[in-house]
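**Q** got a structure for you, letters missing:
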């Protein structure tokens with residue numbers, strides 16, 4: 001852990017180097033009047049909107065929508081199967097079945113999904129934005145999305161085949177995030193807030209109607225994102241059962257990495273914002289994925305107080321999306337995964353934004369957070385399904 005002590009509050013960082021834009025954002029967080037104790041920056045951190053991805057911010061009395069982000073409730077789930085091995089031909093057939101039942105990228109289900117799979121709807125007064133998006137969300141339930149979201153079949157160091165899914169709250173989460181950030185910006189201007197608008201850190205005071213509505217809708221989006229992952233995992237399980245009738249799936253390991261919640265740290269109840277960071281309480285199981293060409297990990301938290309009991313949510317980007325498309329070589333990135341026998345989703349140059357070379361070294365990321373988590377299972381990729389934004 002490195003400590004930057006030049007700001008109003010310290011910045012504690014679990015990484016060897018950080019891009020200037022992300023460090024500037026961390027400095028902005030450390031100088032907020034309501035930031036509590038210090039700012040924690042995880043080893044996968046990189047620049048985001050307002051707050052670095054891979055950041056943990058505790059505040060007294062306020063919520064910052066941009067410190068949660070637009071994909072509210074985005075997270076990981078993983079399940080161990082009873083299989084100890086799967087041959088490539090059968091694996092390819094399973095991947096094909098999954099692609100038939102789980103829409104990716106901008107695609108949704110043509111028909112609404114069973115509403116019983118959705119979280120229970122609260123009143124329209126509590127969730128005005130969710131109500132406007134509910135019917136669309138029924139079509140988005142059980143869909144992967146694009147970007148860095150994925151479904152991956154993996155070989156575990158425990159001798160079992162695993163399935164891992166990374167996805168979030170789809171369009172409903174973005175609508176909620178955008179709406180309440182706009183509300184916060186308008187209110188902050190009305191209050192002549194001392195927080196510069198250019199920092200993209202507009203806030204809502206806890207206890208105000210606007211903050212209570214945001215919390216209600218944010219919590220719904222977290223629940224929807226989990227329901228989304230659960231339905232996709234059910235479809236993955238069906239695909240496996242079609243090819244391996246006696247396969248069994250263990251209960252899900254699930255962890256979200258974009259949310260805010262009241263927690264008790266350093267003797268106080270504070271609002272903890274995790275943006276691209278996961279909770280890592282003592283003995284809590286979590287998930288840290290690599291890239292589609294590298295290992296992922298099931299981990300157990302150590303409850304480190306300096307990180308607000310948190311850890312990274314993945315390897316973290318070392319290249320922006322456009323930079324990766326410009327600078328990485330398609331044949332080299334494909335060869336890296338082909339040499340490992342991975343069934344992958346790197347088909348053309350537009351997919352290079354999700355190539356392994358766009359991400360940090362997961363081994364270095366894990367080494368940098370050895371005081372935050374213990375590794376329980378190493379997971380080596382066998383097959384990866386990713387969405388495209390086109």
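**A** Sure, I can see it. Remember, predicted model here, so these are calculated numbers, not experimental data.

**Q** ok now do residue 111, which residues does it touch?
**A** Residues near residue 111 by Cβ atoms under 8 Å, 6 or more residues apart in numbering: residue 139. All C-beta spots, glycine's among them, are computed from the backbone N, C-alpha and C.

**Q** Shouldn't it be within a strand?
**A** No - according to DSSP: H, G, I helix; E, B strand; the rest coil, the state of residue 111 is coil, so it is not within a strand.

**Q** could you pull out the helices for the stretch 151-300 of the chain?
**A** Ranges of helices in the stretch 151-300 of the chain, per DSSP state H, counting those that start in this stretch, are 170-190, 209-243.

**Q** what comes up buried for the longest one?
**A** Neighbour-count burial for helix 209-243, counted by 16 or more other Cβ atoms under 10 Å, picks out 210-211, 213-233, 235-237, 239-240.

**Q** So for residue 85, which of the helices of the stretch 151-300 of the chain sits nearest?
**A** Proximity to residue 85 (Cβ to Cβ) singles out helix 209-243 among the helices of the stretch 151-300 of the chain, at 13.4 Å.

**Q** quick one: that closest one to helix 170-190, angle?
**A** Orientation check (axes from the mean of the first three to the mean of the last three Cα atoms, to 10 degrees): helix 209-243 against helix 170-190 gives 160 degrees.

**Q** starting at the chain centroid, how far to the biggest strand by length in the chain?
**A** When the chain is parsed with DSSP state E, its longest strand is strand 373-386. Mean-position distance between strand 373-386 and its chain equals 15 Å (Cα atoms, centre = their mean, to the nearest Å).

**Q** Does anything pack onto it? Which helices or strands?
**A** helix 88-101, strand 150-156, strand 161-167, strand 285-288, strand 296-301 (3 or more Cβ pairs under 8 Å, 6 or more residues apart in numbering; DSSP states H and E).

**Q** who touches residue 275 in this structure?
**A** 48, 51-57, 67-69, 257-258.

**Q** Looking at strand pairing, list the partners for it.
**A** residue 55, residue 258 (DSSP bridges).

**Q** How much space separates it from residue 10?
**A** 19 Å (Cβ to Cβ, to the nearest Å).

**Q** Any stretches of the stretch 251-390 of the chain with poor pLDDT?
**A** In the predicted model of the stretch 251-390 of the chain, residues 388-390 satisfy pLDDT under 70.

**Q** who touches stretch 213-227?
**A** 63, 65, 68, 71-75, 77, 117-119, 122, 126-130, 137, 141, 167-170, 172-173, 176, 180, 183, 204, 254, 256, 259-260.

**Q** Give me the buried entries from the residues you listed.
**A** With neighbours counted by 16+ other Cβ under 10 Å, the contacts of stretch 213-227 contain buried members at 63, 65, 68, 71-75, 77, 118-119, 126-127, 129-130, 137, 141, 167-170, 172-173, 176, 180, 183, 204, 254, 256, 259-260.

**Q** tell me how far the ends of stretch 248-255 are from each other?
**A** 22 Å (Cα to Cα, to the nearest Å).

**Q** and what of stretch 297-314?
**A** With Cα to Cα applied, stretch 297-314 spans 9 Å between its terminal residues.

**Q** Stretch 342-354 now?
**A** From start residue to end residue, stretch 342-354 stretches across 15 Å - Cα to Cα.

**Q** List the contacts of that stretch.
**A** 88, 91-92, 95, 147-148, 150, 291-293, 321-322, 324-325, 328, 330, 333-334, 337-338, 355, 358, 381-386, 388, 390.

**Q** Quick one, which of these are buried?
**A** Using 16+ other Cβ under 10 Å, the buried ones in these are 91, 95, 147-148, 150, 291-293, 321, 324-325, 328, 330, 333-334, 337, 355, 358, 381-386, 388.

**Q** Tell me, how many residues neighbour residue 123?
**A** Close neighbours of residue 123, defined as other Cβ atoms under 10 Å, add up to 9.

**Q** I misspoke; the intended subject was residue 161.
**A** Look at residue 161: counted by other Cβ under 10 Å, it has 22 neighbours.

**Q** OK, contacts around the residue nearest to it when sequence neighbours are not counted?
**A** Nearest non-adjacent residue to residue 161, counting by Cβ to Cβ, 6 or more residues apart in numbering: residue 83, 4.1 Å away. Counting by Cβ under 8 Å, 6+ apart, residue 83 makes contact with 160, 161, 240, 244, 247.

**Q** Using JSON lines, please lay out the helices and strands packed on strand 373-386 together with distance to residue 271.
**A** Listed next are these as JSON lines, based on distance: least, Cβ to Cβ, whole Å:
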{"stretch": "helix 88-101", "distance to residue 271": "38"}
{"stretch": "strand 150-156", "distance to residue 271": "30"}
{"stretch": "strand 161-167", "distance to residue 271": "25"}
{"stretch": "strand 285-288", "distance to residue 271": "21"}
{"stretch": "strand 296-301", "distance to residue 271": "20"}
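
**Q** Was I right to think residue 115 contacts residue 138?
**A** Yes - between residue 115 and residue 138 a contact is recorded at 6.4 Å, counting by Cβ atoms under 8 Å.
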